[in-house]
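S.K.: I would like to see how this sequence folds:
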Amino acid sequence: MPENQNIEWKESWRDEYLKWICSFANTGGGSIFIGKDDTGKVIHLADSKRLMEDIPNKIRNHLGIVCELYLREVNGKNYIEIIVPPYSVAVSLRGRFYTRIGSTTTELTGNALTEFLLKKSGKTWDDVIEEAATLNDIDEDSLQIFIKDAQKSGRMPKVEGLSTLEVLEKLRLVKNRKFKRAAIILFGKDPNRFYPNIMVKVGRFGKDDTDLLSQEVLEGNLIQLLKQLPDLLNNKFLLKRISFEGMLRIESDVYPLAALREMILNALVHRTYMGAPVQLRVYENKLSLWNEGKLPEGLSLESLKRNHNSIPRNPIIADVCFKAGYIDSWGRGTLKIMDTCKDAHLPEPQINEMDGGMITVLFNDKTIDTTPQVIPQVIPQVIPQVTPQVESLVKLLEKEYTRADIQEKLNLSDRKNFTENYLKPALENSLIEMTLPDKPQSGNQKYRLTKLGWKLNESLKKK
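M.R.: Prediction:
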């Protein structure tokens, strides 16, 4: 039973492990084994009986929760298992909140902490009342655009004869005559007056990200952005493919409109609205769209390529967009992006987590290398001098392997020895890289050769 998101091994007890207990309680629960080393081998706890009394008291006094403790024995050696149940309320340690991300315990701060506390209280960010908002902050034109679209979709009851306030109440955007944040995001005259960065930055780039050719910033509510952004792209940032049939000039879109539409909808509906603005970058042979906000718990990058459930970050905003016919609420948006690009005979789009958010990349060049490159790195041109241990790792790693796979193939049982003498120096010398660099402790983490690593691999084969 290796370490993972729900299991930790510790050789002895330290009070700092209360953070681990706090993170388990705030996530999905888990177990901490006191008296096991990094390989899972039992190390005898001489003070196990005292710890069986002290640990429960510390958990109760510092965290305010109750956990199960069991004194186990293997071959005459004692160890303790602490079973932490998941808690529906937020659990803190000295005013700080911790959670599990993969197999790592992380302190929650900023927007992540806000979302966590709201979730534990049974609310989402868009469901919170905006005390400063009034009816004068609602843009009537945007609301009328929505009503027309909703009537076409047939997903909303009739609203003829209803006042603006009554329509918003029907959309669950008002409570006790007070406006929710979702109302401002969807129909506000000036959402940026309430929340920073409710905008989309669009840039046209040349050779690379340092070569900015032109840029625009669009501000407004979600309804306005949905209408304005495609027009801005078509009129200023995207070129048309031109062909001729006889004397007839034919212009066609570089990217499928359906794919662009789904990208924009995903970014605007599912973003973290207290974070950075949405950023759209247009290059000669690709287009990328980034929005802050990682995948919700329960979804993975792999699941985006198949049928998956819809888990909206902003469910009220998503529901209004569903009623307007903008989205279908079945989790098919990413599949539409994939399928429409495939139908257009374009390379498969990339969808990745990056810099605390999601990035989607479309390619218009069939010859472009679409191998994912999450974190650019400068690769030295000269192969460094390395130890025989690193050489053996590089010779082995001709495809992606997990840490456990590599250890097994190298016949190494000591994890610490493997990490210090094989894995770490290979990473430091840019010979190998992580497949999930943003999640170094992920249970799905694998390792692969870099370009420099392949050079060394080839030179070792010639010896």
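S.K.: Please make it C-alpha for all contacts and neighbour counts, starting now.
M.R.: OK.
S.K.: tell me which element residue 49 is part of?
M.R.: Secondary structure assigned from DSSP states H and E places residue 49 in helix 48-63.
S.K.: Without its sequence neighbours, what residue ends up closest to the residue nearest the centre of the chain?
M.R.: Most central in the chain under C-alpha atoms, centre = their mean is residue 294, positioned 2.3 Å from the mean C-alpha point. Excluding the flanking residues, the one nearest residue 294 by C-alpha to C-alpha, 6 or more residues apart in numbering is residue 357, at 4.7 Å.
S.K.: How about residue 51?
M.R.: Nearest one to residue 51, counting by C-alpha to C-alpha, 6+ apart, is residue 13 at 8.0 Å.
S.K.: Residue 65 now?
M.R.: residue 59 (6.4 Å).
S.K.: Tell me who's in contact with that neighbour.
M.R.: 18, 65, 66, 67 (C-alpha atoms under 8 Å, 6 or more residues apart in numbering).
S.K.: If I look at the residue nearest to the centre of the chain, what pLDDT would I see?
M.R.: Model confidence at residue 294, given as pLDDT, is 83.
S.K.: could you check the distance from it over to residue 419?
M.R.: 29 Å (C-alpha to C-alpha, to the nearest Å).
S.K.: picking up where we left off before, how deep is the residue nearest to residue 294 tucked in, by neighbour count?
M.R.: Neighbour count for residue 357, taken as other C-alpha atoms under 10 Å: 19.
S.K.: Okay, it and residue 56: tell me how far apart.
M.R.: Distance, residue 357 to residue 56, using C-alpha to C-alpha: 38 Å.
S.K.: ok, now residue 319?
M.R.: 45 Å.
S.K.: re earlier: would you mind giving me the ChimeraX syntax to select the buried ones in the contacts of residue 59?
M.R.: In ChimeraX syntax, the buried subset of the contacts of residue 59 is picked out as below (16 or more other C-alpha atoms under 10 Å):
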select :18,65
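S.K.: In helices, which of the contacts of residue 59 fall?
M.R.: Here DSSP state H is the test, and these give residue 18 as lying in helices.
S.K.: Could you single out the nearest of the contacts of residue 59 to residue 275?
M.R.: Ranked by distance to residue 275 (C-alpha to C-alpha), those are led by residue 18 at 30.1 Å.
S.K.: got the domain boundaries for the chain?
M.R.: What automatic domain parsing lists as the domains of the chain is 7-108, 127-193, 199-363, 388-462.
S.K.: could you dump those domains to JSON lines with distance to residue 121?
M.R.: Below are the domains of the chain laid out as JSON lines (distance: least, C-alpha to C-alpha, whole Å):
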{"stretch": "domain 7-108", "distance to residue 121": "7"}
{"stretch": "domain 127-193", "distance to residue 121": "11"}
{"stretch": "domain 199-363", "distance to residue 121": "15"}
{"stretch": "domain 388-462", "distance to residue 121": "27"}
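S.K.: Just name the shakiest helix or strand of this structure by mean pLDDT.
M.R.: Every helix and strand in the chain was compared by mean pLDDT, DSSP states H and E; the lowest is strand 240-245, with a mean of 53.
S.K.: which residue ranges form the helices in the stretch 201-350 of the chain?
M.R.: Counting by DSSP state H, counting those that start in this stretch, the stretch 201-350 of the chain has helices at residues 222-232, 257-269, 315-323, 333-343.
S.K.: Between the ones you listed, which one is closest to residue 139.
M.R.: Closest among the helices of the stretch 201-350 of the chain, using C-alpha to C-alpha: helix 222-232, at 10.0 Å.
S.K.: How far off centre is the closest one?
M.R.: From the chain centre to the centre of helix 222-232 is a distance of 25 Å (C-alpha atoms, centre = their mean, to the nearest Å).
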